[in-house]
Structures are given as C-alpha cells and as structure tokens.
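In: Any chance you can model this:
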Amino acid sequence: MIRARGLTKQYGPKTAVDHADFTVVPGRVTGFLGPNGAGKSTTMRMILGLDRPTAGDVTVNGRHYREFAAPLHEVGALLDAKAVHGGRSAYNHLLCLAQSNGIPRRRVDEVIALVGLQTVAKKPSRGFSLGMGQRLGIAGALLGDPGILMFDEPVNGLDPEGILWIRTLMRRLASEGRTVFVSSHLMSEMAVTADHLVVIGRGRILADTGMRDFIDANATSHVRVRSPQLGELEPLLAARGWRVESDPDLSLRVYGAGSAQVGDIAADHAIRLHELGIVQPSLEEAFMQLTEDTVEYHAGLPEPETPPGTPPDAAPPGGGGRG
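Out: Take a look at the predicted model:
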C-alpha cells in the first residue's frame, strides 16, 4: 500500500505537488492521470525517496522507502527507461541490480525471458530502441518479485503487441494481490487497464475514485443521430429544451434526451433516420472536462496550408495566424 498525506513539494516559488492526499491499495491497477506538469513524476519520485517532500509524508507499507535494506524486494519501479549505462548489456545491468539486493542470478534469466529480451540480453543497451528500453526497465522493476509496482508511462515506445503484453501483465500482477500504480497519457489504454484513478492537476488531487464513477461524474452520455433531414430535425429537438450540437460528419449530438424520445419525434414528423443510438462518455472526455482549467501548456492551432505557387497577397484574411 502507498499512502500520501499532505504531500507537498516546492521548487523555489513553484509548487509542484500541493498537499496531496491519496492511497493506492493492493489488488487493483490504480491509474495516475494528469496533464503535463501536473506533478505526477514528482509525486512518484517522492514515493521512492528520490525527492524529499517540502511538507507532508508518503509511506510504502507503513515505512519510508529509504528505510528498506533491500528495496527491490518491496517496490519495483520504472520511472525512466533511459536510466541505464549504455555500455552495459541488459543482462549485466539486471545482474548488478540483483546482486545489490541479494537476488539470485537465476532471477535475472527469468525476468529477461518474461519481458522477451532473450535475443538481445548480452548486447549493449545503448543500441536498444525505446520499446526495448521500456522492456528492460520493466524487467528491473520485476526483479525482486515485489508486492508494489510503479510504472511511469510504461507503454511509451511499445508496439501493439507490447502494449497488450504490459496491460495483461499489470492486470495479472494486481490479481495476485499486488499494488500497481501506473501513470499514462494514453486515455484509451488506461480505460481498459485501470480499476481506480487518482487524477492530479497543478499539483492538487482532483479525483480519487473508481473508473466508472469518475466517468459518470465528469462526462455526460448523449444521443447520436444521423439523418438526411437534419435541418428539419434539429429545431424540433431544440424546441424540447434539449441541448443539440452538430458534428462535422453531419450528425447531431443530443444531450438530455433518450434515443426513444428522439426517434419518436422523428417518426411523428416523417423524418428518416440513418443512425440513432446512445453514446456513452469516454475516459478521455471525462479527463478533459475535469482538467481543462489545470492544463499548463496549451498548444496553438496549426497554420493552415497554402497551396504551392499561391502569391503572398493571396493568403487567407488575417494571415492564417493563431490570433
């Protein structure tokens, strides 16, 4: 179990983590979500004793990480897949970690096989792709067969087979009663991997709840309808007080109504429908809704492309800038 109480970290005038309270319990995959700069990596570093809290406290199974004599037996972590000596082979890197924690040599072979690096185990890690580096980092996290696993963006660089593998691995580890804490920006992947969510924004915990409860609390289902007679249908739906929004694919999103209600109105006015159904909100929608005011780095809109050969004075009005 990981428990944070009032966890705070300041770097000069900047507060990276602001009085964070949360608990990560065994037996489930807990996703750690937040925009860039929200404080996820700093929080994980404080859990592992790599950064000292300015205030508050965080413990692992009731103790501080620095108190463990053989920490790899307690916590396995992947925070930076590049944190490997480039001239050292995957095998020797893992062997060094094993010897420092009293782990038998045979375990090195076991985790190499588990992550699928047998064919490159004796090659220098400097030649590894990002995905191979991720697998090596995961092997290091699993080396001591710990009860707590922490992964920071573990699917970066992995191909589809690798993503499925790490997803299955995390869920299996949780089913064995282990504590699994994983951060990711891939909402679609978290939606099928995590059971519970801790969401952070600008250093503050915004949510600590189950996946389904989080989505239900921060996003709304709607009715999707397509018709060759949208011009007739839209005002009829809006007249009922329902919020109606148009999509670029010539469909409507209707909020506050059921599909049967929309279908009945269309039938009453002889309006043909090509599609009608309920769209359940996604984790991505719920996340964007909750964190929209905490995003620190906003990207501008891309410049519109100008066809080759177009003279400068023929550019779109306003110069195509971002405004």
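In: Can I take it that Asp18 is in a strand?
Out: Yes. Remark: Asp18 belongs to a strand, assigned using DSSP: H, G, I helix; E, B strand; the rest coil.
In: Could you tell me the model confidence score at it?
Out: As predicted, Asp18 sits at a pLDDT of 96.
In: ok, now Ala299?
Out: Looking at Ala299, its pLDDT stands at 56.
In: Next, the contact list for the residue lying closest to Thr193 once chain neighbours are set aside, please.
Out: Of all residues beyond its chain neighbours, the one nearest Thr193 is Arg167 (4.9 Å), with distances taken as Cβ to Cβ, 6 or more residues apart in numbering. (C-beta placed from N, C-alpha, C; glycine too.) By Cβ atoms under 8 Å, 6 or more residues apart in numbering, the residues touching Arg167 are Val155, Glu189, Val192, Thr193.
In: Unless I misread the structure, the first one falls within a strand.
Out: No. Val155: not assigned to a strand; according to three-state DSSP it is coil.
In: That one contacts Glu189, correct?
Out: Yes. Counting by Cβ atoms under 8 Å, Val155 does reach Glu189; the two are 6.1 Å apart.
In: any common contacting residues for the two?
Out: By Cβ under 8 Å, 6+ apart, the residues touching both Val155 and Glu189 are Ile163, Arg167.
In: Neighbour count: the two, which is higher?
Out: When neighbours are counted by other Cβ atoms under 10 Å, Val155 and Glu189 differ, and Val155 comes out ahead with 24 against 19.
In: Please report how far Val24 lies from Glu245.
Out: Between Val24 and Glu245 the computed distance is 38 Å (Cβ to Cβ, to the nearest Å).
In: again, but for Val223
Out: 11 Å.
In: Give me the common contacts of those two.
Out: Counting by Cβ under 8 Å, 6+ apart, the residues touching both Val223 and Glu245 are Arg253, Tyr255.
In: Neighbour count for the two, which is higher?
Out: Neighbours were counted for Val223 and for Glu245 using other Cβ under 10 Å; Val223 has more, 23 against 11.
In: isn't the more buried one right next to Leu276, touching?
Out: Yes. Contact criterion Cβ under 8 Å: Val223 and Leu276 qualify, at 7.1 Å.
In: Please identify every residue contacting each of these two.
Out: Common neighbours of Val223 and Leu276 (Cβ under 8 Å, 6+ apart) are Ser259, Val262.
In: got a pLDDT number for Thr43?
Out: On the pLDDT scale, Thr43 gets 97.
In: so it sits in a strand?
Out: No. Checked against three-state DSSP, Thr43 lies outside a strand; its state is helix.
In: ok, it - contacts?
Out: Ala4, Leu7, Lys9, Val17, Ala20, Phe32, Val58, Ile200.
In: Which elements pack onto the helix or strand the first one falls within?
Out: Yep, that's Ala4 we're talking about. Secondary structure assignment for Ala4, by DSSP states H and E: strand 2-11. Applying 3 or more Cβ pairs under 8 Å, 6 or more residues apart in numbering; DSSP states H and E, we find strand 2-11 packed against strand 14-24, helix 40-47, strand 55-60.
In: Tabulate these (TSV), appending distance to Pro71.
Out: Below are the helices and strands packed on strand 2-11 laid out as TSV (distance: least, Cβ to Cβ, whole Å):
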stretch	distance to Pro71
strand 14-24	17
helix 40-47	11
strand 55-60	9
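In: What pLDDT does the model give Glu153?
Out: Value for Glu153, per-residue pLDDT: 90.
In: Look up how far Lys40 lies from it.
Out: Per Cβ to Cβ, Glu153 is found 9 Å from Lys40.
In: Give me the common contacts of those two.
Out: Each of Ser183 lies in contact with both Glu153 and Lys40 under the rule Cβ under 8 Å, 6+ apart.
In: Pick out whichever of those two has more residues nearby.
Out: Per other Cβ under 10 Å, whichever of Glu153 and Lys40 has more neighbours is Lys40, with 24 against 18.
In: can you tell me which residues contact that one?
Out: Taking Cβ under 8 Å, 6+ apart as the test, what Lys40 contacts is Phe32, Leu33, Gly34, Asp152, Ser183, Ile200.
In: List the residue ranges of the protein that fall below the pLDDT cut-off.
Out: The model of the chain has pLDDT under 70 over residues 295-323.
In: how does it look with 50?
Out: Within the chain, the segments meeting pLDDT under 50 span 301, 310, 312-323.
In: Can you give me the domain assignment for it?
Out: What automatic domain parsing lists as the domains of the chain is 2-216, 219-284.
In: Count the residues that sit near Asp152.
Out: So Asp152, with other Cβ under 10 Å, has 21 neighbours.
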